[in-house]
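Novice: 3D model of this:
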Amino acid sequence: MSAEERINSQCPPKQRVEGWGRFPVSQAQVYSVQTESEIFRLLATRQGRQLLGRGAGRAYGDAACNQDNWCLDFTPCNRFLGFDAKRGIVHAEAGVTLEQVIEYFVPRGWFLPVTPGTKYPTLGGSVACDVHGKSHYNLAHFIECLHMLLADGSRVICSAKERSELFWATVGGMGLTGLILSVELRLMPIESSYVNYAGIKAKNLEDIFRLFEETADEDMSVAWIDCLAKGRNLGRSIMMRGQFAKKEELKTSDRRQQPLPVIHKPKVTIPFDFPEMVLNPLSMWGFNQLYYGKHPRLIKTVVDYDTFFYPLDSFLKWNRGYGKNGMLQYQFLIPPKVSFEGIKQVLEAISSTGKASFLAVLKKFGNLKNKGMLSFPTPGYFLALDFPVKNGEILKHMEKWDEMVLKYGGRLYLAKDSRMRAETFAAMYPRLKEWKAVKAKVDPNNVFCSDMARRLDLIPKTTRGIKKTRLGKRVKKTGPKK
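Specialist: A predicted model of the protein is given here:
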């Protein structure tokens, strides 16, 4: 038996691999890794196969898929390795989830400095996507250093000061520069796990932009937006703004006595794929009318962190609500000088299609300085909307929206993308050539790859794995002709 035959006999069978959007679907061999020695062994015995580190699979599209190759499941690598209590720096393996960080450190007076709208992603995946949230920053600002395994088997440490090229290619680099083994992250001190919350109704796009411009830098803010509203109501929204409450601001004695509780709320699991007819323009119009209509003009209260940051986490497997064909998120950013004009034009185009988005989020990034070569956050406004794939008709609309975003110098978010064209991506990310130079230096044989990397031409076409990919099979079947 040859070496390759022996390895093949020990390989797990191929299985269905997908992102949170469940579109597109891939087939890969998935190895669950628990120790660095296992990871080293797989790297040494890959026999020409391309590898990809995979966390909780919370990226929406094909970023954590690797057709006909190997995915290394890092979720068992979920141990805390150290904590500097004076500086608030936690050292944790890449498979540690944001939920684990919260549950361990909230009672000790620390919280995540940046968190997306779910607490279930892993640290490694969050770094690879350079996640952002309600604050004005991206995660890279708070990373002390990364411990990585490179394609040649070397174990390295990189940071903004040490091996900085590798660091800035890795944060937001979608796992393609090497395997993130562990992360040293600077946490944020808190006096309580409660948030002073303000909900403010905005009558249109002009109104919500004014509210964002008036928001203080220390505020955490995001807005729900009615993407079906038109005319003078275009962009009507509800701003959700907050800051962590100080201990003396808590009004009840039980909260003052226990200001740092970990929140465990009941969960509801979506048990099956909803029929496609459930999410339709009429049902979404009704929901938007009710949600906007019942909200007070202004409400101020104190809520727990789970209510403020993670409302959707109360619904496990909520992605099933978009039907068996999955969903697509369209998240784009427009630079400051033309943010209003660009957001308005794209929002008008979306509204005119009648395509409904149950989740529609508007957010402003402040004057942040982000050196991540492929990282999404830059100054400006972003809008994120979810759409069911259904018969693939939405893909044709998205290509038109891409043209509008490009016209205003904007970009799409890789962690949410599953269908952007390579030429569109290259036009949106001016540091792509610089990133490719780092990739060629640390991974000249393209050991680390993904379906997204192939789709966006992030690797040379001559090194695309041992078999032709079937990425986007559904797109070819139901979407627009290329």
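Novice: quick one, strands of the stretch 251-400 of the chain?
Specialist: 268-269, 298-304, 315-316, 327-334, 360-365, 380-388 (DSSP state E, counting those that start in this stretch).
Novice: who are the contact partners of the most centrally placed residue in the chain?
Specialist: Nearest to the geometric centre of the chain sits residue 415, at 4.6 Å (Cα atoms, centre = their mean). Shown in contact with residue 415 (Cβ atoms under 8 Å, 6 or more residues apart in numbering): 59, 60, 63, 129, 131, 174, 376. (C-beta placed from N, C-alpha, C; glycine too.)
Novice: so which of those comes closest to residue 251?
Specialist: The closest of those to residue 251 turns out to be residue 131 (Cβ to Cβ; 32.6 Å).
Novice: hang on, the earlier thing: now the strands of the stretch 251-400 of the chain in JSON lines, with mean neighbour count?
Specialist: Below are the strands of the stretch 251-400 of the chain laid out as JSON lines (neighbours: other Cβ atoms under 10 Å):
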{"stretch": "strand 268-269", "mean neighbour count": "10"}
{"stretch": "strand 298-304", "mean neighbour count": "14"}
{"stretch": "strand 315-316", "mean neighbour count": "14"}
{"stretch": "strand 327-334", "mean neighbour count": "24"}
{"stretch": "strand 360-365", "mean neighbour count": "22"}
{"stretch": "strand 380-388", "mean neighbour count": "24"}
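Novice: make TSV out of those and add distance to residue 224 and mean pLDDT.
Specialist: TSV is the format used below for the strands of the stretch 251-400 of the chain (distance: least, Cβ to Cβ, whole Å; pLDDT from 0 to 100):
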stretch	distance to residue 224	mean pLDDT
strand 268-269	20	96
strand 298-304	14	97
strand 315-316	16	96
strand 327-334	15	97
strand 360-365	7	95
strand 380-388	11	95
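Novice: would you convert the ones you listed into a markdown table that also reports distance to residue 37?
Specialist: Listed next are those as a markdown table, based on distance: least, Cβ to Cβ, whole Å:
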| stretch | distance to residue 37 |
| --- | --- |
| strand 268-269 | 36 |
| strand 298-304 | 41 |
| strand 315-316 | 34 |
| strand 327-334 | 37 |
| strand 360-365 | 41 |
| strand 380-388 | 40 |
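Novice: next, count neighbours for residue 271.
Specialist: Residue 271 has 8 neighbouring residues, counting by other Cβ atoms under 10 Å.
Novice: quick check: pLDDT value at it.
Specialist: At residue 271, the model reports a pLDDT of 95.
Novice: wait, which of the strands of the stretch 251-400 of the chain is closest to residue 153?
Specialist: Taking the strands of the stretch 251-400 of the chain one by one with Cβ to Cβ, strand 327-334 is closest: 35.9 Å.
Novice: what packs against that closest one?
Specialist: Helices and strands touching strand 327-334, by 3 or more Cβ pairs under 8 Å, 6 or more residues apart in numbering; DSSP states H and E, are helix 339-353, strand 380-388, helix 393-407, strand 411-412.
Novice: what comes up buried for stretch 259-270?
Specialist: Of the residues in stretch 259-270, 259, 260, 263 count as buried by neighbour count, 16 or more other Cβ atoms under 10 Å.
Novice: test my guess that the second one contacts residue 192.
Specialist: Yes - assessed by Cβ atoms under 8 Å, residue 260 is found in contact with residue 192 at 6.2 Å.
Novice: tell me which of the helices and strands packed on strand 327-334 sits nearest to residue 275.
Specialist: Judged by Cβ to Cβ, the one of the helices and strands packed on strand 327-334 that comes nearest to residue 275 is strand 380-388, at 10.6 Å.
Novice: mind listing the strands that closest one pairs with, and their directions?
Specialist: If you go by DSSP bridges, strand 380-388 pairs up with strand 327-334 (antiparallel), strand 360-365 (antiparallel).
Novice: tabulate the buried residues of stretch 259-270 (CSV), appending pLDDT and distance to residue 92.
Specialist: Converted to CSV, the buried residues of stretch 259-270 look like this (pLDDT from 0 to 100; distance: Cβ to Cβ, whole Å):
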residue, pLDDT, distance to residue 92
259, 98, 25
260, 98, 20
263, 96, 21
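Novice: just put the residues you listed in JSON lines and tack on distance to residue 43.
Specialist: Below are those laid out as JSON lines (distance: Cβ to Cβ, whole Å):
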{"residue": "259", "distance to residue 43": "46"}
{"residue": "260", "distance to residue 43": "41"}
{"residue": "263", "distance to residue 43": "39"}
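Novice: just confirm residue 71 is within a helix.
Specialist: No - the assignment for residue 71 (DSSP: H, G, I helix; E, B strand; the rest coil) gives strand, which keeps it out of a helix.
Novice: all set, thanks.
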